[in-house]
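Novice: compute the structure for the input listed below.
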Amino acid sequence: MIVFIARCLRPLFDVLNFLVPIVDLMVRLWVAKIFFVAGLTKIESWDTTIMLFQYEYHVPLLPPIVAAVVGTAAELILPVLLVLGLGGRVSIAAFFIYNMMAVISYHYLWTPEGALGLDQHINWGLLLALMMTRGYSKYSLDYWISKKHGYLFEKQPL
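Specialist: Take a look at the predicted model:
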């Protein structure tokens, strides 16, 4: 009976396995878009960005101007690495930490009015955590580099 059920489910599992790299790429594109657009917004209105980092975002251990530069750079560089699938789990971990720092630094997210924003950051963090634990799939530069040159840093799961 178990063998029969397994044979019946096998085509479904084959389809799901085929979809893994496509879904991985879709998730990378979605998370990258959100943060990249935020970075572009920060550049467009740099005076407002500086003001926000001085009065709204309370980044620990960094002066507001340094935090604004680092935060904007992270929002512009990390999404590009994510889309390209370059840097593996290290770049995703940096992205995860950046998202976590955004949640910690913006106290509005912890108010009833900011709860929706907090939920969004948690969702993005969970997607990043999934990618961080799995690594990139075959639609990434890391995959193609490792295929051509062997595993430089980590063995890719797919």
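
Novice: only C-alpha atoms from now on, for both contacts and neighbour counts.
Specialist: Noted.

Novice: what's the distance between the spatially most central residue of the chain and His121?
Specialist: Note on the chain: the residue nearest the mean C-alpha position is Leu128, at 4.3 Å, using Cα atoms, centre = their mean. According to Cα to Cα, to the nearest Å, Leu128 stands 10 Å off from His121.

Novice: what's the weakest-modelled helix or strand in this structure?
Specialist: Lowest by mean pLDDT, DSSP states H and E among the helices and strands of the chain is helix 141-149, with a mean of 87.

Novice: now that helix: buried residues?
Specialist: In terms of neighbour count (16 or more other Cα atoms under 10 Å), helix 141-149 has its buried residues at 141-143.

Novice: can you pull out the helices in the chain?
Specialist: 2-44, 46-55, 64-84, 88-105, 115-134, 141-149 (DSSP state H).

Novice: now the angle between helix 64-84 and the longest one, please.
Specialist: This points to helix 2-44. Between helix 2-44 and helix 64-84, the angle comes out at 140 degrees (axes from the mean of the first three to the mean of the last three Cα atoms, to 10 degrees).

Novice: ok, Leu86 - contacts?
Specialist: Residues near Leu86 by Cα atoms under 8 Å, 6 or more residues apart in numbering: 140-142.

Novice: contacts for stretch 49-56, please.
Specialist: 42-43, 59, 64-65, 67-68, 106-107.

Novice: one more time with 6 Å
Specialist: Residues outside stretch 49-56 that contact it (Cα atoms under 6 Å, 6 or more residues apart in numbering): 42, 64.
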